[in-house]
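# This is the structure alone, sequence omitted:
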């Protein structure tokens with residue numbers, strides 16, 4: 001039996017692929033994946049086989065280099081991959097199904113799925129102060145774009161300072177296409193970028209441009225500056241690079257200027273997901289996002305220390 005086992009393991013390895021699995025707490029396991037079950041991922045450590053429960057995996061990095069891809073590992077909160085460069089048209093066709101319309105009684109915005117379990121990211125200001133949230137998914141069926149409205153939506157985690165929130169749709173039976181992130185943030189001024197969103201509710205609107213600046217400081221947060229057009233309704237939508245990786249989350253622009261728009265770097269989204277327990281939504285916490293009151297005025301101070309909202313508009 002001892003002589004047969006290595007042969008069996010060798011056969012399994014021939015069909016496995018290299019993968020980095022990131023666990024809760026930040027631990028990383030680099031090993032070929034042997035099997036992905038609904039409740040666990042099995043990896044080969046060389047000297048032993050390890051079964052990792054699904055709820056212990058935060059992310060996985062698949063060592064792929066294909067021209068356009070979507071995550072195959074469904075046992076992680078989000079996926080990071082390194083695909084080859086593709087055209088905007090190819091990437092838009094591949095990842096447009098990932099983008100959804102997020103709607104509340106106060107307005108609407110965009111969002112994007114990060115895994116097949118129904119988790120998605122959008123801007124905090126899109127749902128701030130709202131309990132009733134709906135998520136509209138757009139499914140291409142031949143030449144028809146079918147709208148599927150999900151009304152069972154829960155707030156999983158929120159980070160108001162970085163204007164980010166994680167939502168989850170429940171009791172769904174539709175196919176979900178998640179996005180991918182880059183393993184490391186390597187951004188260059190002038191590189192091609194494109195955004196997909198729902199400006200004014202116009203679904204799957206694609207705009208293209210370049211990364212104008214990688215470090216633009218507003219209120220102590222560094223934003224990505226892009227010249228790709230964004231408008232009200234684009235908030236919470238993904239900003240992609242030429243590989244189809246999400247590098248940012250669109251969140252604001254200057255309404256009186258053309259081509260002056262901003263996105264939250266993807267590293268903040270990944271940090272929130274890596275420490276999602278620390279950002280867990282709690283309706284009883286006044287800073288959780290559901291109730292977020294303004295700070296009391298300083299005695300004798302009647303003007304705000306912050307920029308006028310007319311200067312920076314949240315799309």
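Looks like it came in fine. Please read all numbers here as calculations on a predicted model, not as lab measurements.
# okay, CA-based contacts and neighbour counts for the rest of this
Noted.
# longest strand anywhere in the protein?
strand 205-218 (DSSP state E).
# who's in contact with it?
Here strand 205-218 makes contact (C-alpha atoms under 8 Å, 6 or more residues apart in numbering) with 88, 92, 187-199, 222-230.
# chain center to that strand: distance?
17 Å (C-alpha atoms, centre = their mean, to the nearest Å).
# now swap in stretch 125-138 and tell me
16 Å.
# mind listing what's buried in it?
Using 16 or more other C-alpha atoms under 10 Å as the burial criterion, the residues of stretch 125-138 that qualify are 125-129, 133-138.
# out of the residues you listed, which one sits closest to residue 161?
residue 125 (10.3 Å; C-alpha to C-alpha).
# Next up, identify which helix or strand the closest one is on.
Secondary structure from DSSP states H and E places residue 125 in helix 124-127.
# counting contacts, what elements does that helix pack onto?
If you count contacts as 3 or more C-alpha pairs under 8 Å, 6 or more residues apart in numbering; DSSP states H and E, helix 124-127 packs onto strand 99-104, strand 107-113, strand 164-169.
# Following the record's annotation, map out the domains of this structure.
4-63, 89-169, 184-272 (automatic domain parsing).
# hang on, the earlier thing: relative orientation of the longest strand of the chain and strand 99-104 in degrees?
Interaxial angle, strand 205-218 versus strand 99-104 (axes from the mean of the first three to the mean of the last three C-alpha atoms, to 10 degrees): 70 degrees.
# is residue 40 in a bridge, and if so with what?
In this entry, residue 40 is beta-bridged to residue 53, by DSSP bridges.
# Which pLDDT value goes with it?
For residue 40, the pLDDT comes out at 78.
# how about the helices in this structure?
Remark: helices assigned in the chain by DSSP state H are 4-15, 88-95, 124-127, 266-274.
# Residue 282 is nearest to which of the domains of the chain?
Per C-alpha to C-alpha, nearest to residue 282 of the domains of the chain: domain 89-169, 8.3 Å.
# how far out from the middle of the chain is the closest one?
Using C-alpha atoms, centre = their mean, the offset of domain 89-169 from its chain centre is 10 Å.
# for the record, mean pLDDT for that domain?
Rounded mean pLDDT across domain 89-169 is 93.
# Let's see the distance spanning it from one end to the other.
Using C-alpha to C-alpha, to the nearest Å, one end of domain 89-169 lies 28 Å from the other.
# where does this structure dip in pLDDT?
Applying pLDDT under 70 to the chain flags the ranges 1-20, 22, 24-26, 36, 38, 55, 58-75, 285-315.
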